[in-house]
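> generate coordinates for the sequence data below:
(2 chains)
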Amino acid sequence: MNPKTQRSIVLVSILLILSTSTFLILKALKDNIVFFYSPTETIEKFKTKKNVKKIRIGGLVVKNSLKQNKSKVEFEITDKKTKIKIIYSGILPDLFREEQGVVVEGRIKKNIFEATEVLAKHDENYMPKEVADTLKANGNWKGN
Amino acid sequence: MINEFGHLLLIFALFISFYSIIIFALNILNFSDSKLLLIRKFSNLNFFFIFISFLILEYAFINSDFSLSLIANNSHTSKPMIYKISGLWGNHEGSMLLWILILTFFTFLVSKTKVIPKGIFFSNVLGIQNLVIFSFLLFTLFLSNPFERTESIPFEGKGLNPLLQDPGLAFHPPMLYLGYVGLSISFSFAVASLITKDLKPNWFIYLKPWTLVSWCFLTLGIALGSWWAYYELGWGGWWFWDPVENASLMPWLIATALIHSINVVEKRYDFINWTILLAILGFSFSLLGTFIVRSGLLTSVHAFASDPYRGIFILIILGLSTGIPLFIFGLKNFKKNNSKFFLLSRETALLFNNLILIVSTITILIGTLYPLIIELIQNSKISVGPAYFNATFAPIMVPFVIVMIIAPFLSWQKTAKKNLIKKLMLLLILTIFGTFIFYYLKPSSIFGLICGSLSISLSISIILEVFNKLKSTKQSFLLDIKKINLLPKNFFGMIIAHLGLAVFLAGITGEQFFKIQFEKELTINQKFKLGQYEILFSNVKEVNGPNYVSRSAEFDIFLEKKIVKKIISEKRFYTAEKSQTTEAGIYSSFFKDIYIVFGNKVKANEWIIKAYLNPMVTWIWLGASLMALGGLVSIIGLKNRKILKIED
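Model (predicted):
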């Protein structure tokens, strides 16, 4: 092979790697991102529409709402405006507590949210950023 | 009183680094040996000052001196001694002091080194290093002072986050920081080589040992963090694509690219500009990681209390330390080695190694920062989870491993085609054979088959490579073991590190594609099956720890009706911090882990039990340790390396 062909083979492979990666990144960003909503937004958005993709909701766990029903747990979260009932089968994270911030991931069906994941990986002073922003937005934020 | 002294030492250090920067500037205008000596002395002094200051803070932690607000907020008298000591860096301010300690320690080591010619280049390296030290001291003193006083001394401290009360805290952050900060040395060498007039271009090759050292620590630090997350967080996984994990993986990937590109500079005097660029980027990504952790902009398991000014300050350091060198870089170009280019050469393989490492870094960068970008432009909140990374990073790494499998058969500059085809055919046949056997283990998906066969093929390639090197004559199949002594040490470094990746891939294959899960509510004395194992939930007990109370569940693991192991899973409640942690019960063996989590109480005497059978999971960290060992062997091998001498 002459040097020119050798160079072009390298060049073509580089372009191939770059374009494949770009394609993979764009496709993955389209398919795999999870949108975050407050309880109020969730109810409004999926009143009529079916919830196909996974979403995340954040809020405070309502006091005395936690119930254990066989291996399923039920609780409610709120943004101090709207409450949503959450069902989750699995072990709640250690830092899950009533009246604390929590983020749940899953899908909503007929006003009940079926969570596949419950995230509460913060300490007692720390609030998930999304939850804090939601509370700030509707004027229920106590703190700085 | 003594705390004020610690604070004062930090201020002294700030001034010393400032003077060093002035001398560095004067040296650029008019170099003299005496000024270089002064910079070197200052660097030693600075390390000494920071070290004493660090000891003072450590002393205050050990004695639970709650007059310092850092200690009042992060410590407690009932904490075991090891967590009082390591608690120093379990928080933002203290970890910044550790960061600076390591920074000045590395600068001290550089100033002591004998290999760098005593000239303007040396002065520039130390000058840049002092610029970095100065910025971080400024940051620490004004925005995160560990010696800040409390207004009224509390009777008791608030305690340390129970998740951090683990031996992992003693090792994981220091290792990681040694890696992050070590990359600042490569950075300083690269920038110094950009601003030094009359540079002998091969000088900056001296950055190789420093890069290798920081790479080794980074590897160990990441592996330790992953292992810690595995046994402590109770999720049964070892990597979560958390922003902070990504923040450590990105500089690691760049440092890996750097190590490989330096080889091309050394052997072929090519890739020079590229290598300088990588050395600059490596440290930029370290800083970006710091920014991600400290700014609190991204939700992560590593939640430091956040202060927007801190984020902005680090962003400024990041911007200046990346922007200015890149600007100079754009103006300057080292002349190229005009040797011919051949497709079938080690250089080509390393080109692809670097290309894919950069692409994979960008992939992670996009996934990590995308939520921030979307929030800024669309004002909607999103999260990018593991699914994104699995769909991008994993496939991008497939050609990377393939290049790695072929590369050892390629020689520098030009490879004889006939020989190559013969070797590759043998490799291919053995790989197909190995994959066929592996197929009978029934991996759960086609990706498992790909991952496993890559691991097999990489191991075969390494074995063939060693075999080829040890053959007594070209034709014979007999091995001449004595030849081992003739081989360069860095060859073994490479072999061990690459074998590490093969082991790591085997671990991933097992953990991802052969995992068995179980989750059910059980009462005491109930049994359940996990793979070939039968597990008896035998007892629940209340136990008191040093600063926690624990409810522990006992499990007896049976294999073919015989008991093999008893393990204990706990739920701990830390009284001072008022929070709960899960301690998974793990029965770890070479080929598989049994991992049991003791969950919530469902009703009287009934709990949710979650169990995993994780085949090969230990191999993940074994592989990472082998990579670090390979790096270590390469460092030792550097002693008698030959650097290509370039006449200018």
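
> per-domain residue ranges of chain B.
B:1-165, B:416-514+B:616-648, B:516-615 (automatic domain parsing).

> next one: the longest one to chain centre, how far?
A distance of 22 Å separates the C-alpha centroid of domain B:1-165 from that of its chain, computed with CA atoms, centre = their mean, to the nearest Å.

> verify the stated contact: B:F590 with B:T618.
Yes. Taking CB atoms under 8 Å as the definition, B:F590 is a contact partner of B:T618 at 6.5 Å. Where C-beta positions appear, they are placed from N, C-alpha and C, glycine not excepted.

> between those two, which is the more surrounded one?
Taking other CB atoms under 10 Å in any protein chain shown, B:F590 and B:T618 do not tie; B:T618 has more neighbours (20 against 9).

> who's in contact with the more buried one?
B:T618 makes contact with B:507, B:588-590, B:593 under the criterion CB atoms under 8 Å, 6 or more residues apart in numbering or on different chains.

> in chain B, which spans are strands?
With DSSP state E as the criterion, chain B has strands at B:381-384, B:516-523, B:527-530, B:533-544, B:548-559, B:562-574, B:579-583, B:585-588, B:592-603, B:606-615.

> in CSV: those, plus mean neighbour count, distance to chain A and mean pLDDT.
CSV is the format used below for the strands of chain B (neighbours: other CB atoms under 10 Å in any protein chain shown; distance: least, CB to the nearest CB, whole Å; pLDDT from 0 to 100):
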stretch, mean neighbour count, distance to chain A, mean pLDDT
strand B:381-384, 22, 4, 85
strand B:516-523, 16, 5, 90
strand B:527-530, 14, 13, 93
strand B:533-544, 15, 15, 92
strand B:548-559, 18, 12, 93
strand B:562-574, 17, 8, 91
strand B:579-583, 20, 4, 84
strand B:585-588, 18, 14, 93
strand B:592-603, 21, 4, 88
strand B:606-615, 22, 6, 92
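
> so which of these gets nearest B:I2?
Checking the strands of chain B against B:I2 by CB to CB gives strand B:562-574 as the closest, at 29.9 Å.

> which helix or strand in chain A has the lowest average pLDDT?
Sorting the helices and strands of chain A by mean pLDDT, DSSP states H and E puts helix A:129-137 at the bottom, at a mean of 69.

> let's have the strands of chain B in a markdown table, adding distance to B:A416.
Converted to a markdown table, the strands of chain B look like this (distance: least, CB to CB, whole Å):
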| stretch | distance to B:A416 |
| --- | --- |
| strand B:381-384 | 47 |
| strand B:516-523 | 49 |
| strand B:527-530 | 53 |
| strand B:533-544 | 53 |
| strand B:548-559 | 53 |
| strand B:562-574 | 54 |
| strand B:579-583 | 58 |
| strand B:585-588 | 47 |
| strand B:592-603 | 45 |
| strand B:606-615 | 42 |
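
> roughly how far out does stretch B:362-382 sit from the chain middle?
Counting by CA atoms, centre = their mean, stretch B:362-382 comes out at 24 Å from the chain centroid.

> so which bits of that stretch are buried?
B:362-364, B:366-371, B:374-375, B:381-382 (16 or more other CB atoms under 10 Å in any protein chain shown).

> and A:L92, backbone torsions?
Here is the backbone geometry of A:L92 (degrees, to the nearest 10): phi -70, psi 150.

> rewinding a little: out of the buried residues of stretch B:362-382, flag the one nearest to chain A.
Nearest to chain A among the buried residues of stretch B:362-382 is B:K381, at 3.6 Å by CB to the nearest CB.

> if we can go back for a sec, quick one, which of the domains of chain B is nearest to A:Q100?
Closest to A:Q100 of the domains of chain B is domain B:516-615 (CB to CB; 10.6 Å).

> just name the most buried of the domains of chain B.
Mean neighbour count (mean count of other CB atoms under 10 Å in any protein chain shown) peaks for domain B:1-165 among those, with a mean of 19.

> if you average pLDDT over each of the domains of chain B, which is lowest?
Among the domains of chain B, domain B:416-514+B:616-648 carries the lowest mean pLDDT, at a mean of 86.

> show me what contacts B:G157?
B:64, B:66, B:71-77, B:576 are the contacts of B:G157 under CB under 8 Å, 6+ apart.

> ok, A:A28 - contacts?
Contact analysis of A:A28 by CB under 8 Å, 6+ apart lists B:367, B:387-388, B:391-392.

> try it again at 7 Å.
Contact analysis of A:A28 by CB atoms under 7 Å, 6 or more residues apart in numbering or on different chains lists B:388, B:391-392.

> doesn't it fall inside a strand?
No. Counting by DSSP: H, G, I helix; E, B strand; the rest coil, A:A28 is not found in a strand; it is helix.

> can you pull the pLDDT of the residue nearest the centre of chain A?
For chain A, A:R56 is the residue whose C-alpha lies nearest the centre (CA atoms, centre = their mean; 2.8 Å). We have a pLDDT of 89 for A:R56.

> any idea which element it lies in?
Secondary structure from DSSP states H and E places A:R56 in strand A:55-61.

> mind listing the strands that strand pairs with, and their directions?
Paired with strand A:55-61 in the same sheet, following DSSP bridges, are strand A:33-37 (parallel), strand A:72-78 (antiparallel), strand A:101-109 (antiparallel).

> any idea which of those gets closest to B:V213?
For these, proximity to B:V213 was assessed by CB to CB; strand A:33-37 is nearest, at 38.1 Å.

> burial count for the residue in the stretch 201-350 of chain B that chain A sits nearest to?
The minimum distance from the stretch 201-350 of chain B to chain A, using CB to the nearest CB, falls at B:L343 (3.8 Å). Residue neighbour count, defined by other CB under 10 Å, stands at 18 for B:L343.

> isn't it right up against A:T5?
No. Using CB atoms under 7 Å as the test, B:L343 is too far from A:T5 to be in contact (8.2 Å).

> export the strands paired with strand A:55-61 as CSV, with columns for mean pLDDT.
Shown next, in CSV, are the strands paired with strand A:55-61 (pLDDT from 0 to 100):
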stretch, mean pLDDT
strand A:33-37, 87
strand A:72-78, 89
strand A:101-109, 88
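
> now render those as JSON lines, adding mean neighbour count.
Formatted as JSON lines, the strands paired with strand A:55-61 follow (neighbours: other CB atoms under 10 Å in any protein chain shown):
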{"stretch": "strand A:33-37", "mean neighbour count": "21"}
{"stretch": "strand A:72-78", "mean neighbour count": "20"}
{"stretch": "strand A:101-109", "mean neighbour count": "21"}
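
> measure the nearest residue in space to B:N74 that is not next to it in sequence to chain A for me?
Take B:N74 and drop its neighbours on the chain: the residue closest to it by CB to CB, 6 or more residues apart in numbering or on different chains is B:N91, 4.6 Å away. Remark: distance between B:N91 and chain A (CB to the nearest CB, to the nearest Å) = 12 Å.

> burial count for the closest residue to B:L278 other than its chain neighbours?
Nearest residue to B:L278, sequence neighbours excluded (CB to CB, 6+ apart): B:L258, at 4.3 Å. Each residue near B:L258 was counted by other CB under 10 Å, and the total is 31.
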